[in-house]
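need a structure here:
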Amino acid sequence: MGSSDCRLEGTLSAVSFSPLWRVGSWILRISADPSADMRGYSTDSLGTSDSITIALLLSELEFLLERLSLPRVHALIGLGFGANIGLSLLADRPSISSTFVGIGFAIPDSRIIPRQTAVDDWALRSSLARRVGMGNTADKACARWFTVDARGSPEWVRVRQMIATGSIEGMEKLSNAVLECVGDNTNRRGQKMLESLEIPTLFLCGSSDAAFPEEMERYPAMMKKEKGAFMLIPRASRLACCENPSGFANILKSWLDGFS
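So this is what the prediction gives:
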């Protein structure tokens, strides 16, 4: 991946945006540009669903695997909310992948995100988007996801453009699935998912992320089989695979080579 590529590479990627599905020797790319269309990104992708749920997203991922005749993949890679979709898939079908990589995310029921805070934040995003447009949402998202030094970079511009041209209704409906992952830390859903993982797992986070490194470095210890590892991607924040794609690719390749 070059420095201007904002794509997540892996054998199978389940991400909240900018996914790259790579199967065997061929690649289906969905790039981070206005022509990308995935569930919730555009009005046309919403279908007849009143809301987008994790169950719906999982069913679509399983449908894709079935259509591609893939009973098993080498790596399941998820970015942000996509990592939780990946964990949910592994909970239902633990033999679907040989390895798992989660990037910049908090597990369901994590103590780092109080439920009421998340509910209020999504309500505010929706209100602002309807008053002043998705450009405001894009600016705030990029401020969280990139370091100050990356502002105005090709990666920053592409991600901002993708968010700014997205559907407000889609964002609102997708928030239902995102909020499914946020609890009060009493059910320990995420911890139970990690405890049940029996495949090599890599947790990645940008070194400049203000919130997730301390949270994510705890995750390997939650796995009973001691197959988890935590690494920081240098010179990057929340969206580390876009901000420092070469650093991300080098870490990922080195780790996956150990299981090829």
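
for the rest of this, base every contact and every neighbour count on C-alpha atoms.
OK.

for this structure, just list every one of the helices.
In the chain, the helices defined using DSSP state H lie at 54-67, 81-92, 115-132, 134-145, 154-164, 168-180, 189-196, 212-216, 219-222, 240-243, 245-257.

give me whichever of those is most buried.
Among those, ranked by average contacts under mean count of other CA atoms under 10 Å, first place goes to helix 240-243 (a mean of 28).

same for it, what does it pack against?
Where contact means 3 or more CA pairs under 8 Å, 6 or more residues apart in numbering; DSSP states H and E, helix 240-243 is packed against helix 154-164, helix 245-257.

relative to helix 168-180, how tilted is the shortest one?
In terms of direction (axes from the mean of the first three to the mean of the last three CA atoms, to 10 degrees), helix 154-164 departs from helix 168-180 by 100 degrees.

what does the last one give?
Between the direction of helix 245-257 and that of helix 168-180, the angle (the same axes, to 10 degrees) works out to 40 degrees.

and helix 245-257, what does it pack onto?
Here helix 245-257 is seen to pack against strand 228-233, helix 240-243 when contacts are counted using 3+ CA pairs under 8 Å, 6+ apart.

angle of that helix against strand 228-233?
160 degrees.

relative to the whole chain's centre, how far out is helix 245-257?
17 Å (CA atoms, centre = their mean, to the nearest Å).

redo the helices and strands packed on helix 240-243 as TSV? Include mean pLDDT and distance to Arg218.
Converted to TSV, the helices and strands packed on helix 240-243 look like this (pLDDT from 0 to 100; distance: least, CA to CA, whole Å):
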stretch	mean pLDDT	distance to Arg218
helix 154-164	92	29
helix 245-257	93	19
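
reformat those as JSON lines; add distance to Met216.
Output for those, formatted as JSON lines (distance: least, CA to CA, whole Å):
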{"stretch": "helix 154-164", "distance to Met216": "24"}
{"stretch": "helix 245-257", "distance to Met216": "16"}
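
to Ile107, which of those helices lies closest?
Nearest of these to Ile107, taken as CA to CA: helix 245-257 at 20.4 Å.

follow-up on the earlier one: make a markdown table out of the helices and strands packed on helix 245-257 and add distance to Val73.
Converted to a markdown table, those look like this (distance: least, CA to CA, whole Å):
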| stretch | distance to Val73 |
| --- | --- |
| strand 228-233 | 18 |
| helix 240-243 | 21 |
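
now those in a markdown table, with distance to Thr137 and mean pLDDT?
Shown next, in a markdown table, are these (distance: least, CA to CA, whole Å; pLDDT from 0 to 100):
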| stretch | distance to Thr137 | mean pLDDT |
| --- | --- | --- |
| strand 228-233 | 25 | 97 |
| helix 240-243 | 19 | 92 |
